[in-house]
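Trainee: Kindly generate the corresponding structure for this input.
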Amino acid sequence: MTSTIDLQKLAHDIKLWGQELGFDQVGITDCDLTDEERRLENWLHQGYHGEMEYMARYGLMRARPAELQPGTKSVISVRMNYLPPLAKIAATLDTPTQAYISRYALGRDYHKVLRNRLKQLGERIQQACGELQFRPFVDSAPIMERPLADKAGLGWTGKHTLLLNQQAGSFFFLGELLVDLPLPTDQPVENACGHCTACLQICPTGAIVAPYELDARRCISYLTIELDGPIPEDLRPLLGNRIYGCDDCQLICPWNRYALVSAESDFLPRNELHTPDLLALWAWDKTTFLKVTEGSPIRRIGFEKWQRNIAVALGNGPTTEAVIQALQLSLPHASDLVQEHIEWALRQLQHRQNTENKKHARLIRCIYKGLPEHA
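Mentor: Here you go, the predicted model:
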């Protein structure tokens, strides 16, 4: 079959078709991820995957796409920008009464959006070839999407382990289409991180333990999304008001000065999730949570973990009677997991209130005695 197909022209057409379907960039690579196998083994050996057992379950298959989809000869890698207009990242992080949700999760579930477009791309290639075996992936199977995108020339792997692009930063989704055609491949681009270590320094929990090395067990995205049990107490104060994911390492990255706003309407923020008040979210019942998060990636963490995360954020925020009362009223009806985090939040708020009261009393005594405030 391939002897009658102009593969160079087909590769060119695939990129045009991908752009027509809304992808911001399309690259092509082979299936060889041999260089990644040792890095993957070392990462798993360190236990950096935490409770994400699926990361270890498939072993080196993650670095062998042809084993995942027999017959695969090429990988078509795509990216799609997701940064919403008026993202308000820094403004929300600086407002402790508001909840911060990673910007990728404000709109429709990207898995569905990209997978549907990749399926359409596969069908279009199939029509052009007359025969084609293909399979789309969007963060949904044991496949190393970032190394594949790196090889396909969509960008380079930054020190925070995310893919970076000189013209678009890092606020984009990745997807893959595995095909049984030996398509001409694109060349990787040069790593342009240089001596910058801003992402390592900004990480609230120190999860980027070394350049290009992430300990997921400390990552806020892992703690608020992947972790099923209690969030470690020593890390809870470091979460601030982040209740679903974290964008700090992207926010600080100099290359995101060039980040492009998404043209995809499905990724526009839902009003209830963009800059929500923490207490307003805490007032949701399970029915409201399921209704508002329908078709959203947030829904998969479930209502219990949603409450757990908000309880921590409330405990990290200002001490007010409204917050204390809301937490206390919820305590008897919460699950054991949520109760633990409510009780922690109340202790935090009480400790902060006691500290403020002592400072106030000391100030009054100093004024009364005519002493300087710092005496």
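Trainee: From here on, just use CA atoms for contacts and neighbour counts.
Mentor: OK.
Trainee: isn't Leu279 right up against Val323?
Mentor: Yes - distance between Leu279 and Val323: 7.0 Å, which falls inside the contact criterion (C-alpha atoms under 8 Å).
Trainee: Mind listing the shared neighbours of these two?
Mentor: Common neighbours of Leu279 and Val323, using C-alpha atoms under 8 Å, 6 or more residues apart in numbering, are Leu314.
Trainee: higher neighbour count, those two?
Mentor: Per other C-alpha atoms under 10 Å, whichever of Leu279 and Val323 has more neighbours is Val323, with 21 against 18.
Trainee: Walking through the stretch 201-350 of the chain, point out its helices one by one.
Mentor: Under the criterion DSSP state H, counting those that start in this stretch, the stretch 201-350 of the chain contains helices at 220-221, 248-252, 271-274, 278-282, 286-292, 302-316, 321-330, 336-369.
Trainee: Looking at the ones you listed, which is nearest to Cys193?
Mentor: Each of those was scored for nearness to Cys193 using C-alpha to C-alpha, and the closest is helix 248-252 (12.7 Å).
Trainee: what sits against Leu181?
Mentor: Applying C-alpha under 8 Å, 6+ apart, the residues contacting Leu181 are 2, 72-74, 132.
Trainee: Is it part of a helix or strand, or is it coil?
Mentor: coil (DSSP: H, G, I helix; E, B strand; the rest coil).
Trainee: Any figure for the gap between it and Leu33?
Mentor: Between Leu181 and Leu33 the distance, using C-alpha to C-alpha, to the nearest Å, works out to 18 Å.
Trainee: would you turn the contacts of Leu181 into TSV with pLDDT and secondary structure?
Mentor: TSV is the format used below for those (pLDDT from 0 to 100; DSSP: H, G, I helix; E, B strand; the rest coil):
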residue	pLDDT	secondary structure
Thr2	60	helix
Thr72	95	coil
Lys73	96	coil
Ser74	97	strand
Leu132	92	coil
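Trainee: first vs last residue of stretch 224-241, how far apart are they?
Mentor: Its first and final residues considered, stretch 224-241 spans 11 Å by C-alpha to C-alpha.
Trainee: And for it, what's in contact with it?
Mentor: Identification of contacts with stretch 224-241 by C-alpha under 8 Å, 6+ apart yields 51-52, 93, 96-100, 204-205, 218, 220, 223, 243-245, 301, 305, 309-310, 312-314, 316-317, 337, 340-341.
Trainee: what about 7 Å?
Mentor: The contact list for stretch 224-241, computed with C-alpha atoms under 7 Å, 6 or more residues apart in numbering, reads 51, 93, 96, 98-100, 204-205, 220, 223, 243-245, 301, 309, 312-313, 316, 337.
Trainee: before we move on, back to that, for Thr161, find the nearest of the helices of the stretch 201-350 of the chain.
Mentor: Ranked by C-alpha to C-alpha, the member of the helices of the stretch 201-350 of the chain that lies closest to Thr161 is helix 248-252, at 9.9 Å.
Trainee: Give me the average confidence score over that closest one.
Mentor: On average, the pLDDT along helix 248-252 is 97.
Trainee: helices and strands around that helix, which ones?
Mentor: Of the remaining helices and strands, those touching helix 248-252 by 3 or more C-alpha pairs under 7 Å, 6 or more residues apart in numbering; DSSP states H and E are helix 198-202.
Trainee: what's near enough to touch Gln25?
Mentor: By C-alpha under 7 Å, 6+ apart, the neighbours of Gln25 are 19, 78-79, 154.
Trainee: redo that, cut-off 10 Å
Mentor: Listed by C-alpha atoms under 10 Å, 6 or more residues apart in numbering, the contact partners of Gln25 are 15-16, 18-19, 77-81, 153-154, 174.
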